[in-house]
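# I need the structure of the sequence given here:
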Amino acid sequence: MSEPINIFEVSSDLDTDALAEAYAPIQRIQIRNVLTEASAEALRRALAEQTPWGMAAQAADGTPRDFRMEELRQQSTATEAQAILKQVHDAAARGDYAFRYARYPLVKAYKERWNPGGLHEILIEHINTEPFLELVRKVTRRPELVKADGQTTLFGPNHFLGRHQDQQLDEGWTIAYVLNMTSMKWHPDWGGYLLFYDDEGDVIDGYLPRFNTLNLFTVPQHHAVSYVPPHAPQGRISISGWFRDR
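As a prediction, this is how the structure comes out:
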């Protein structure tokens, strides 16, 4: 009988000194093959098959809204969600900050015990174990990092995250992360890039959502997730959040 696979085993092949040297000048990096091959494939499959995707959306200066999958199955909530998505479309057309994507909030679900002992509780615990925390500390040269939050996200057709900066420094947000878990090779025409901008709005860097890659960047920086068009044959699955110093 084969032993169970650890769904979050950090690769031992990573050269953290070299990664730290690459990170330092621009305060961002994409680390490829961050988990072992078996671990990454097991995690990808589990996320794709076991995540009850809800929806997150915000239009301009409105309050971010978060709907669970079971709520979206109710007619009244589905009608409300459609109205919010119309507001999101209008806000984006004006050039205001807006977003829409599917998600499962790991920390909220953990605290409220949505699925005790399930995949997503195990996942947020793994993200906060020493091997992963220590990897991020070494690459970013931030030994003060003590914990991470997180959400699983699915950017499917018509989903996007508008250009913004993560400003919640009073909450201890120090390093943002995106762990890409998309299954097949991603084509550039499918959008879903993590983009970085200068103060004039020009794109200065961009990361393709390659499978089993970890994006790290110091906050705040202007960034966005580019629009995923209707012809994209799959969604961009990832785990994202912030490493905190308190």
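# start to end distance for stretch 64-73?
Taking Cα to Cα, to the nearest Å, stretch 64-73 runs 20 Å from one end to the other.
# can you tell me the helix or strand for Ile29?
strand 28-32 (DSSP states H and E).
# same for that strand, what does it pack against?
Other elements packing on strand 28-32 under the criterion 3 or more Cβ pairs under 8 Å, 6 or more residues apart in numbering; DSSP states H and E are helix 16-26, strand 213-218. Using the backbone N, CA and C atoms, a C-beta is placed for each residue, glycine as well.
# By residue count, what's the longest helix in the chain?
helix 75-93 (DSSP state H).
# Restrict that one to CA atoms and write it as PDB.
Output of helix 75-93 as PDB, limited to C-alpha atoms (Å, rounded to 0.1, in the frame of the first residue of the first chain):
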ATOM      1  CA  GLN A  75     -32.600  32.800  -6.400                       C
ATOM      2  CA  SER A  76     -32.600  35.900  -4.300                       C
ATOM      3  CA  THR A  77     -28.900  35.800  -3.700                       C
ATOM      4  CA  ALA A  78     -28.200  35.000  -7.400                       C
ATOM      5  CA  THR A  79     -30.300  38.000  -8.400                       C
ATOM      6  CA  GLU A  80     -28.300  40.200  -6.000                       C
ATOM      7  CA  ALA A  81     -25.000  38.900  -7.300                       C
ATOM      8  CA  GLN A  82     -26.000  39.600 -10.900                       C
ATOM      9  CA  ALA A  83     -26.800  43.200 -10.000                       C
ATOM     10  CA  ILE A  84     -23.400  43.600  -8.300                       C
ATOM     11  CA  LEU A  85     -21.600  42.100 -11.400                       C
ATOM     12  CA  LYS A  86     -23.400  44.800 -13.500                       C
ATOM     13  CA  GLN A  87     -22.000  47.400 -11.100                       C
ATOM     14  CA  VAL A  88     -18.500  45.800 -11.400                       C
ATOM     15  CA  HIS A  89     -18.700  46.000 -15.200                       C
ATOM     16  CA  ASP A  90     -19.800  49.700 -15.100                       C
ATOM     17  CA  ALA A  91     -17.000  50.600 -12.600                       C
ATOM     18  CA  ALA A  92     -14.400  48.900 -14.700                       C
ATOM     19  CA  ALA A  93     -15.600  50.700 -17.900                       C
END
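# So for it, mean pLDDT?
Per-residue pLDDT over helix 75-93 has a mean of 93.
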